[in-house]
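>>> sequence first, predicted model second:
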Amino acid sequence: MKFKRAQIGAVTFEGGYHNYYQESWRLLKKNRIAMFSLFVILALFIFACFALWIAPYDPNKQVLANRLMPPGPKHWFGCDEFGRDILSRCIYGCRVSLSVGLFSQFIACLIGYFMGVAAGYFGKKTDAVVSFLIQMFSSIPFLLLAMALMFALGSGLINLYISLGLLSWAGTARLIRGNVLQLREREYIQACRVDGGSDMRIILRHLLPNCIPTLIITVTLGIPEAILAEASLSFLGLGVQSPTASWGSMIAGSEAFIRTSAFYSLFPGLCIIVTVMAFNMLGDGLRDALDPKLRR
Amino acid sequence: MQPILEVEHLKKYYPLRHSFLSSQCDAVRACDDVSFKLYPGETLGVVGESGCGKSTTMKAVIRLIEPTAGSVILQGTDFLSLRGNELKQARRHIKMIFQDPYSSLNPRMTVKEIISEPLDITKGYADREEREEIIVHTMQQVGLDPEFTNRYPHEFSGGQRQRIGIARAIILHPEVIICDEPVSALDVSIQAKILNLLKKLQRELGIAYIFISHNLGVVRNIADRVIVMYLGQIVEEGNNTELFQDPQHPYTQVLLSSVPGLSGGGPVIMQGDVPDPADPPSGCRFHTRCPYAAPICRLQKPELLENVPGHRCACHRTAEISLSGKAETEE
């Protein structure tokens, strides 16, 4: 009887273990910090999507009587120098930060994957050129280049996505290149070539699914960097245009009042810290869950 | 009978640059002037120690690596000159089974996706139903339960994985399959099952195998003819019984004597290591380690000659050695 139960247990485990991602998800669920971060990120997404209903006030409505009002029961986070509700502006700022993080990383991921694959898979001269580009992009100070690009493109949200995406593919490309160098010697790639499979088929059907864990990790760890870059650019006045609420531009506005009204810079600053930390910790958790070397 | 695959003077050199400034290029001669023929439905064993170029040669034949020179005639067409779609279509006729069943199957693809890949690449089916039918039929042929179609490779044992690899190779009914040590990564008990499966498929489909192995026992079991390679060259070629019972080349003799139970007498120990393939010995490449080496072996390269019909051997002293070998057994 005991033996039978043990056997059933083994069978259910086998049955439950369908694929890699389910197993990864199982591991991730055990990681409390990562799950908490995931919860925070989901909450941020809800704030961003439903800002219109969640925010207590219009973020751009100026009530000069409330100028630099400290936090209180009516305005939880206080008001800024134009009497706008800081809580509402923080909630709307969420939209900017998350969308910049996501879209710029999507662009970076796309460029990074194909650059990395080109370098790792085709090798030789392509590799030399792409590796040179990677070196170049990672050696120029990020903010300097981002500023230059924003000057060239002009400020605005879409230009932010593009310029941050164009600037952060190098890390992804480097990782993918290493990944592909390892993968291309696998016999299943040779088998596909024996069958007459084209390079495109190998790149999309064989290499891509095997690179997805790396891409997930680089995107999750790239989002906080993009958010910080957006905040820095907005602080410098090169990010989003002025009435739109963004955490970076809010901090820039609070600069003059930091001695008298510390709460004004505190709340947008806290928003950035919480978001960046949540993405970083989720990224670490995902790396642990997806890394095949930590498996069995 | 017309050979299905004819390989002539195949060469694969890997260039080596000694230093950054010197323009003089040396090359590792992984496969140096190899010629052989493969007839329909037969099994050609290829043996030799690690690094002798067995795998490289066969990968050059199937164009996994582009050969430096030579010709490969597959079913009367020059396989090496084909490009693009013609090459894709010609690849239907020659397939490969790999050594490691763990790295030869993409872990992110289901069994069905893996097996059907050659089918999808060549569009070798009329409609969806026919495609399903072919897949199920092929899985049954190699002894896999068709219910496994949506499983992932990691759910299978080594032997079953190799069956998946075989299914992928036979799905388009190729005439030639190159088996690159298909059983050396498997347990002994499973080796026999896979070998029997390969034999069964050969009987049913009339496939010709090129069977690369360093396990002489396995080759003895499955091969009709055997090629012995040393340092990128063929040193002896003959049919199974002749080669195993009456080896002509000293290297073959040494190789056979190293396997207990395969030949009478104790092992003949070779001196030294395999020479550097970038700088092979002059004359006969085996002379540095040959127990019978004579002065001529160092000076002149022996030709691969057919002394006995159907049995080729590259050795200056074949006649003398086989005499001395017989004299020894008579004593």
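Structure received.
>>> from here on, just use CA atoms for contacts and neighbour counts.
Will do.
>>> can you pull the contacts of the residue nearest to the spatial centre of chain B?
Residue closest to the mean C-alpha point of chain B, counted by C-alpha atoms, centre = their mean, is B:Ile212 at 3.1 Å. Applying C-alpha atoms under 8 Å, 6 or more residues apart in numbering or on different chains to B:Ile212 gives the contacts B:Gly45, B:Val46, B:Val47, B:Lys54, B:Ser55, B:Ile178, B:Cys179, B:Asp180, B:Glu181.
>>> for it, give me the pLDDT.
pLDDT for B:Ile212: 92.
>>> also the one 4 residues further on?
Looking at B:Leu216, its pLDDT is 86.
>>> same deal with B:Asp180?
pLDDT, B:Asp180: 90.
>>> so who does it touch?
B:Ser55, B:Met96, B:Ile97, B:Phe98, B:Gln99, B:Phe211, B:Ile212, B:Ser213 are the contacts of B:Asp180 under C-alpha under 8 Å, 6+ apart.
>>> what's the neighbour count on the closest residue to A:Gln135 other than its chain neighbours?
With sequence-adjacent residues excluded and distances taken as C-alpha to C-alpha, 6 or more residues apart in numbering or on different chains, A:Gln135 is closest to A:Ala170, at 7.9 Å. Using other C-alpha atoms under 10 Å in any protein chain shown, A:Ala170 has 26 other residues around it.
>>> give the contact list for A:Ala170.
The contact partners of A:Ala170, by C-alpha under 8 Å, 6+ apart, come to A:Gly112, A:Leu133, A:Ile134, A:Gln135, A:Phe137, A:Ser138.
>>> going by neighbour count, list what's buried in stretch B:154-168.
By 16 or more other C-alpha atoms under 10 Å in any protein chain shown, the buried positions in stretch B:154-168 come out as B:154-155, B:158-168.
>>> which one of the contacts of A:Ala170 is nearest chain B?
A:Gly112 (21.2 Å; C-alpha to the nearest C-alpha).
>>> tally of neighbours for the nearest residue to that closest one once chain neighbours are set aside?
Among residues not flanking A:Gly112 along the chain, A:Ala173 sits closest, at 4.1 Å (C-alpha to C-alpha, 6+ apart). Neighbour count of A:Ala173, defined by other C-alpha under 10 Å: 29.
>>> ok, B:Gly272 next?
9.
>>> now it, nearest residue through space, not along the chain?
B:Gly272 sits nearest to B:Arg289 (C-alpha to C-alpha, 6+ apart), 6.3 Å away.
>>> quick one, phi psi at that neighbour?
phi -120, psi 0 (degrees, to the nearest 10).
>>> contacting residues for it?
Taking C-alpha under 8 Å, 6+ apart as the test, what B:Arg289 contacts is B:Met270, B:Gln271, B:Gly272, B:Asp273.
>>> phi, psi for the residue of chain B found nearest chain A please.
Chain B approaches chain A most closely through B:Ser104 (4.2 Å), counting by C-alpha to the nearest C-alpha. The phi/psi pair for B:Ser104 (degrees, to the nearest 10) reads phi -90, psi 0.
>>> pretty sure it sits against A:Arg184.
No: if you go by C-alpha atoms under 8 Å, B:Ser104 and A:Arg184 don't touch, sitting 11.5 Å apart.
>>> do you know how far the residue positioned nearest the centre of chain A is from A:Gly101?
Residue closest to the average C-alpha location in chain A (C-alpha atoms, centre = their mean): A:Ile223, at 1.8 Å. According to C-alpha to C-alpha, to the nearest Å, A:Ile223 stands 4 Å off from A:Gly101.
>>> all helices of the chain, in order?
No chain was given, so I picked chain A. A:2-16, A:20-30, A:32-49, A:51-54, A:86-117, A:124-139, A:142-153, A:157-167, A:169-183, A:187-194, A:199-201, A:208-235, A:247-254, A:262-290 (DSSP state H).
>>> sorry, I should have been clearer: chain B.
Going by DSSP H, chain B shows helices at B:54-61, B:84-90, B:111-122, B:128-141, B:158-170, B:188-205, B:216-222, B:240-245, B:250-257, B:295-299, B:318-330.
>>> neighbouring contacts of the second one?
Outside helix B:84-90, the residues within contact range by C-alpha under 8 Å, 6+ apart are A:Asp195, A:Gly196, A:Gly197, B:Phe79, B:Thr122.
>>> re the thing from before, most widely separated two among the contacts of B:Ile212?
Farthest-apart pair in the contacts of B:Ile212 is B:Val47 and B:Ile178; separation 13.4 Å (C-alpha to C-alpha).
>>> ok, back up a step: from B:Gly158, how far off is the residue of chain B closest to chain A?
B:Ser104 is 11 Å from B:Gly158, by C-alpha to C-alpha.
>>> go on, B:Ile135?
Taking C-alpha to C-alpha, one finds B:Ile135 at 21 Å from B:Gly158.
>>> cool, B:Asp33 as well?
From B:Asp33 to B:Gly158 the distance is 36 Å (C-alpha to C-alpha).
>>> tell me which parts of chain A are close to chain B?
A:18-19, A:186-197, A:206, A:209-210 (C-alpha under 8 Å from any C-alpha of the partner chain).
>>> which PyMOL command selects the buried ones in the residues you listed?
In PyMOL, the members of these classed as buried (16+ other C-alpha under 10 Å) are selected with the following command:
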select buried, chain A and resi 19+186+187+188+189+190+191+192+193+194+195+196+197+206+209+210
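>>> what does the stretch 1-150 of chain B have sitting close to chain A?
Proximity of the stretch 1-150 of chain B to chain A, by C-alpha under 8 Å from any C-alpha, involves residues B:62-64, B:87-89, B:91-92, B:95-96, B:98, B:100, B:103-106, B:108, B:117-118, B:121-122.
>>> so for stretch B:320-331, what's the average pLDDT?
Stretch B:320-331 carries an average pLDDT of 48.
>>> same check on stretch B:16-27?
Stretch B:16-27 comes out at a mean pLDDT of 64.
>>> and that stretch, end to end?
Terminal residues of stretch B:16-27 are spaced 5 Å apart (C-alpha to C-alpha).
>>> which pair of the contacts of B:Asp180 spans the longest distance?
For these, the maximum inter-member distance is 13.8 Å, found between B:Met96 and B:Ser213 (C-alpha to C-alpha).
>>> neighbours of the residue lying closest to A:Phe77 once chain neighbours are set aside, how many?
Distance criterion C-alpha to C-alpha, 6+ apart; nearest residue to A:Phe77, sequence neighbours excluded, is A:Pro71 at 4.7 Å. When neighbours are defined as other C-alpha under 10 Å, A:Pro71 has 16 of them.
>>> just checking, A:Pro71 touches A:Gly78?
Yes: the criterion here is C-alpha under 8 Å, and A:Pro71 meets it with A:Gly78 at 3.8 Å.
>>> overlap in contacts, the two.
The contact sets of A:Pro71 and A:Gly78 overlap at A:Phe263 (C-alpha under 8 Å, 6+ apart).
>>> roughly how far out does stretch B:60-70 sit from the chain middle?
Distance of stretch B:60-70 from the chain centroid (C-alpha atoms, centre = their mean, to the nearest Å) equals 14 Å.
>>> not counting it itself, show me its contacts.
A:190, A:193-194, B:7-13, B:33, B:56, B:59, B:72, B:80, B:94-95.
>>> now swap in stretch A:118-125 and tell me
For stretch A:118-125, the surrounding residues in contact (C-alpha under 8 Å, 6+ apart) are A:Thr126, A:Asp127, A:Ala128, A:Val130, A:Ser131, A:Ile176, A:Arg177, A:Gly178, A:Asn179, A:Val180, A:Leu181, A:Arg184.
>>> remind me which residues of the stretch 151-296 of chain A are low pLDDT?
Where the stretch 151-296 of chain A drops to pLDDT under 70, the residues are A:292-296.
>>> on that earlier part again, okay, the helices of chain A in JSON lines with distance to B:Pro281 next?
What follows is the helices of chain A, written out as JSON lines (distance: least, C-alpha to C-alpha, whole Å):
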{"stretch": "helix A:2-16", "distance to B:Pro281": "56"}
{"stretch": "helix A:20-30", "distance to B:Pro281": "51"}
{"stretch": "helix A:32-49", "distance to B:Pro281": "62"}
{"stretch": "helix A:51-54", "distance to B:Pro281": "79"}
{"stretch": "helix A:86-117", "distance to B:Pro281": "41"}
{"stretch": "helix A:124-139", "distance to B:Pro281": "32"}
{"stretch": "helix A:142-153", "distance to B:Pro281": "57"}
{"stretch": "helix A:157-167", "distance to B:Pro281": "55"}
{"stretch": "helix A:169-183", "distance to B:Pro281": "35"}
{"stretch": "helix A:187-194", "distance to B:Pro281": "33"}
{"stretch": "helix A:199-201", "distance to B:Pro281": "40"}
{"stretch": "helix A:208-235", "distance to B:Pro281": "44"}
{"stretch": "helix A:247-254", "distance to B:Pro281": "72"}
{"stretch": "helix A:262-290", "distance to B:Pro281": "50"}
